[in-house]
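Student: Need a 3D model of the sequence below.
(chains A and B)
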Amino acid sequence: MALVFNEEQQLLKESADGFFAEKAPISQLRELRDSGNETGFSTELWSEMAEMGFAGLLVDEDNGGTDFGVMGAGIVAEAMGKTLSASPYLASAVVSAAVLKAAASDAQKAELLPAIAAGEKIVTLAIDESAHHRPENTALKATADGDGYVLSGMKTFVCDGHVADAFLVLARTSGEKGDASGLSLFLVEKGGAGLIVDRTIMADSRNWAKITFEGVRVDAGALVGPLDGAFDAIEPALDQARIIVAAELLGIAQECLDRTVEYLRERKQFGVVIGTFQGLQHRAAHLFSEIEVTRSAVLKAMQMADAGGDVRWFASLAKAKACKTAELATNEAIQMHGGIGMTDEFDIGFFIKRARILQSLFGDFNYHADRFASCSSY
Amino acid sequence: MTDLENFRSETRAWLEENCPASMRTPIRGDKDMCWGGRNFEFVSEDQKAWMERMASRGWTVPTWPKEYGGGGLNKDEAKILAAEMRRIKARSPLTSFGIWMLGPALLKFGTHEQKLEHLPKIARGEIRWCQGYSEPNAGSDLASLATKAEDKGDHWIVNGQKVWTSYADQADWIFCLVRTDNSGTKHHGISFVLFDMESEGVSTKPIKLISGYSPFCETFFDDVKVFKSNLVGEENAGWTIAKYLLTHERTGISDMGMPTPLNMLAKDKLGTGEDGKLAETMLRHQIADHEIDAAAFVFTLERAKDEAKAGGDMGAFSSMLKYYGTEINKQRHELIVKTNGSDGLEWEGQYSNDGDIARSWLRTKANSIEGGTSEIQLNIVSKRILDLPT
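Tutor: From the prediction side, this is the model:
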């Protein structure tokens, strides 16, 4: 398969780029932040995104989606990386849709996926328990209790946690902390007794939450996927999410380069535009090269994910490379903008904050470099 | 079965039958490569047979037109052929500057007669070409070249000196940039000419490099007669051809392929722990960091080929590929030396195959200089792609 977009994907890219530039430019995120908006995103925007079909890109047509696959979801994520548009897209339309598709029963899919695709229900994955992504270290306990389970423990770094209608919670049903086996996934609706959700304000001004489970009871039907086998069941879905996060990081890096190059063409010092200086030209050209190389890794991973099969190596490659390049791009953007790049009034600072959050989401560079090496059998 | 599936199964069967077993082993450096030419000595009968069999199908140059000795394959078929060759780990049957530099330029700018004259000989490995570009005072600033061609009616008399001419001492013909006019800007007045290295007045002198090898030469022209029928394109307009050819050279240099994966080497040298991970954790980290970039770069070459217009012209994007690919290759060889420790620095003797690791490592230092330095590539990217002012 050629490593390029097909016509349909190209159209999706153009429509997504245009949509976010018009409906949700970076000024919207600034406004949400400055006004202390409680929802953390524009609900109107989210409805419009759903109308555009963006909330159902990973959902099959029978369940009300548009079925554009990882490639389509990545294309839209990249567009959102350029504008930093805030929405529950990543939490609900990407991660939860992918996890449900991979692990849920047909009945669960029929119940949840159409609502996710329509943007009517926000579902999010609660997986991390410490500051570093280590799913096998899950300690939150789900104890069998009559015909159901009782969940006790805590989760952190939960995307859109405080606005979610339901949570997909990774819990330990057997084994010990550190075992990849013995994990199970449960669907927990919001508002249940013992469920405490605390919004966490983080650097990117987006929605994150810490969630405490104080003996939250769910019935047997809340189990999603095999008992004790959730790690393997959701790993391919997590990899899809990682690839799509890598695509958003790619969008961030590209936008940082574009804005920086624009600035280099305009800003004058010593009587000339600073873009004539080789010291800056070479930094920009190097950054361009890293972004192009990253683009290929992300594109390849998206294609491989849609083709099916084991994509762990490709996903870790894409996420690791995107982390590295986004870090470079955001740092270089600030440096090459000089003093103005340090001001809050100027938008470039928003990119570095969002990038670092996404870099640590579902495994940072070190996590994925290690996993890449293990998948390459060293 | 579709046409492509048919093509794949036929190709697979043909390769199985015609690629000798010894041509399916990894090459161990320069001496295993088949360069062709009048004076080439094949290292084995297998090497000769493999080149001839592939040439008979035009598969030494799969995408060139059949009438010029090529295979006439389309992009998809060529991809399949490459994949099938990779599958059986087949060596490249023929490597030459004729194939990856002059050929594309002649196909685009040459006359029908020039193509008929030169391309089939390249395809069959009969004539080995070298490239007369750099001069002692025209390195990164190539367009300031001064090798002079004096107009004598139906021919020129060429005088001057080239330097860093790869394998000039082993080449049969040269494609050469000469100055036919001095009156305009430096980019005007350059002509692209072809001549036989056996012509009277041509001499070469190998340059010994830090690797101890001499892949490059100084090349001298003392009243060399070059007929005007050997001018490619228009007189004084050779810079356009020179640049076009450079984009191919750069893509070619960037595409040096990734030899033995570092992981096998490192496991062999350093061992693994119970978890199967390399025992040297710092080195493991460095290797992973490198291999992530290297793998992403391989996909970038794939993408660039898929995106390239017919004819494979990548324009300024080839400068990015050249920059990134050569820096990756240098880094890779640094890691190979590190992984081998003090063994990797042996210079002579059977144990180290006469310092193969150390000498190959030092050879890579030229990668980011030859064909335009990394800094020149970054200049080109910033000017042509990022549109930054000069």
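Student: switch to C-alpha atoms for all contacts and neighbour counts from now on
Tutor: Noted.
Student: May I have the secondary structure class of A:I196?
Tutor: Here A:I196 is strand, with the state taken from DSSP: H, G, I helix; E, B strand; the rest coil.
Student: May I ask you to confirm that it is in contact with A:A209?
Tutor: No - with contact taken as CA atoms under 8 Å, A:I196 and A:A209 are classed as non-touching, separated by 10.0 Å.
Student: Neighbour count for these two, which is higher?
Tutor: A:A209 (21 against 16; other CA atoms under 10 Å in any protein chain shown).
Student: Excluding covalently adjacent residues, which one is nearest to the more buried one?
Tutor: Excluding its sequence neighbours, the residue lying closest to A:A209 (CA to CA, 6 or more residues apart in numbering or on different chains) is A:R199, at 4.3 Å.
Student: what about that neighbour, helix or strand, and which?
Tutor: In the assignment (DSSP states H and E), A:R199 maps to strand A:195-201.
Student: buried ones in that strand?
Tutor: By 16 or more other CA atoms under 10 Å in any protein chain shown, the buried positions in strand A:195-201 come out as A:195-197, A:199-200.
Student: Same check on stretch A:302-318?
Tutor: Using 16+ other CA under 10 Å as the burial criterion, the residues of stretch A:302-318 that qualify are A:302-305, A:311-318.
Student: circling back: tell me the one of the buried residues of strand A:195-201 nearest chain B?
Tutor: Closest approach to chain B among the buried residues of strand A:195-201 (CA to the nearest CA): A:T200, at 32.4 Å.
Student: got a list of what that closest one touches?
Tutor: A:207-210 (CA atoms under 8 Å, 6 or more residues apart in numbering or on different chains).
Student: and if you look at A:M49?
Tutor: Per CA under 8 Å, 6+ apart, neighbours of A:M49: A:A55.
Student: Using TSV, please lay out the buried residues of stretch A:302-318 together with secondary structure.
Tutor: Listed next are the buried residues of stretch A:302-318 as TSV, based on three-state DSSP:
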residue	secondary structure
A:M302	helix
A:Q303	helix
A:M304	helix
A:A305	helix
A:V311	coil
A:R312	helix
A:W313	helix
A:F314	helix
A:A315	helix
A:S316	helix
A:L317	helix
A:A318	helix
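Student: between those, which is nearest chain B?
Tutor: Using CA to the nearest CA, those come closest to chain B at A:L317, 5.9 Å.
Student: Which pLDDT value does the model give that closest one?
Tutor: If you check A:L317, the pLDDT there is 98.
Student: repeat for the one 3 residues further on
Tutor: According to the prediction, A:A320 has pLDDT 98.
Student: quick one: contacts for the nearest residue to B:F175 once chain neighbours are set aside?
Tutor: Leaving aside its chain neighbours, B:F175 sits nearest to B:L194 (4.6 Å; criterion: CA to CA, 6+ apart). B:L194 makes contact with B:173-176, B:226, B:230-232, according to CA under 8 Å, 6+ apart.
Student: count of residues packed around the closest residue to B:S183 other than its chain neighbours?
Tutor: Distances taken as CA to CA, 6+ apart put B:G189 closest to B:S183, at 7.6 Å, once the chain neighbours are dropped. Here the number of neighbours of B:G189 (other CA under 10 Å) works out to 19.
Student: swap in B:G184?
Tutor: By the measure other CA under 10 Å, the count of residues near B:G184 is 9.
Student: Need phi/psi at it.
Tutor: With angles defined as degrees, to the nearest 10, B:G184 sits at phi -100, psi -150.
Student: Verify the stated contact: A:S85 with A:F20.
Tutor: Yes - in this structure A:S85 lies within contact range of A:F20 using CA under 8 Å: 6.9 Å.
Student: who's more crowded, those two?
Tutor: The neighbour comparison of A:S85 against A:F20 (other CA under 10 Å) goes to A:S85, with 24 against 21.
Student: how far away is the more buried one from chain B?
Tutor: 26 Å (CA to the nearest CA, to the nearest Å).
Student: Would you state the predicted confidence (pLDDT) at that residue?
Tutor: Looking at A:S85, its pLDDT reads 97.
Student: which SS class is it?
Tutor: Assignment for A:S85 (three-state DSSP): coil.
Student: Just say helix, strand or coil for the residue nearest to B:F175.
Tutor: Judged by three-state DSSP, the three-state class of B:L194 is strand.
Student: Quick check: residues of the stretch 1-150 of chain A near chain B?
Tutor: A:2-4 (CA under 8 Å from any CA of the partner chain).
Student: Only whichever of those residues are buried, select them in PyMOL.
Tutor: In PyMOL syntax, the buried subset of the residues of the stretch 1-150 of chain A next to chain B is picked out as below (16+ other CA under 10 Å):
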select buried, chain A and resi 3+4
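Student: closest to chain B among the residues of the stretch 1-150 of chain A next to chain B?
Tutor: Checking the residues of the stretch 1-150 of chain A next to chain B against chain B by CA to the nearest CA gives A:L3 as the nearest, at 5.0 Å.
Student: what separates the residue lying closest to B:T11 once chain neighbours are set aside from B:A123, distance-wise?
Tutor: In this structure, B:T11 finds its nearest non-sequential neighbour in B:L81, 6.8 Å apart by CA to CA, 6+ apart. To B:A123, B:L81 is 16 Å away according to CA to CA, to the nearest Å.
Student: and the two? which has more neighbours close in?
Tutor: Per other CA under 10 Å, whichever of B:L81 and B:A123 has more neighbours is B:A123, with 31 against 20.
Student: what are the phi and psi angles of the more buried one?
Tutor: The phi/psi pair for B:A123 (degrees, to the nearest 10) is phi -60, psi -40.
Student: what's the pLDDT at it?
Tutor: 97.
Student: That one is in contact with B:V61, isn't it?
Tutor: Yes - taking contacts as CA under 8 Å, B:A123 lies within contact range of B:V61: 6.1 Å.
Student: which one is B:E84 nearest to, not counting chain neighbours?
Tutor: B:R12 (6.2 Å).
Student: Checking A:V59 next. Helix, strand or coil?
Tutor: Per three-state DSSP, A:V59 ends up coil.
Student: For burial, what's the neighbour tally of it?
Tutor: For A:V59, using other CA under 10 Å, the count is 26.
Student: And it, its phi and psi?
Tutor: Residue torsions, per degrees, to the nearest 10, at A:V59 are phi -100, psi 140.
Student: which element is residue 328 on?
Tutor: Reading this off chain A. Using DSSP H and E, A:L328 falls in helix A:312-337.
Student: oops, I was thinking of chain B
Tutor: B:I328 belongs to helix B:317-340 when assigned by DSSP H and E.
Student: so, in contact with chain A or not, that helix?
Tutor: Yes - for helix B:317-340 and chain A, the contact criterion (CA under 8 Å from any CA) is met by B:320-321, B:324.
Student: Heading C-terminal from that helix, find the next helix or strand.
Tutor: Using DSSP H and E, the helix or strand that follows helix B:317-340 towards the C-terminus is helix B:356-363.
Student: For that following helix, give me every contacting residue.
Tutor: Defining contact as CA under 8 Å, 6+ apart, one finds that helix B:356-363 is touched by B:29, B:210-213, B:330, B:333-334, B:336-337, B:344-347.
Student: Out of those, which is nearest to B:T180?
Tutor: Checking the contacts of helix B:356-363 against B:T180 by CA to CA gives B:Y213 as the nearest, at 34.3 Å.
Student: for the closest one, helix, strand, or coil?
Tutor: Quick answer, by three-state DSSP: B:Y213 is coil.
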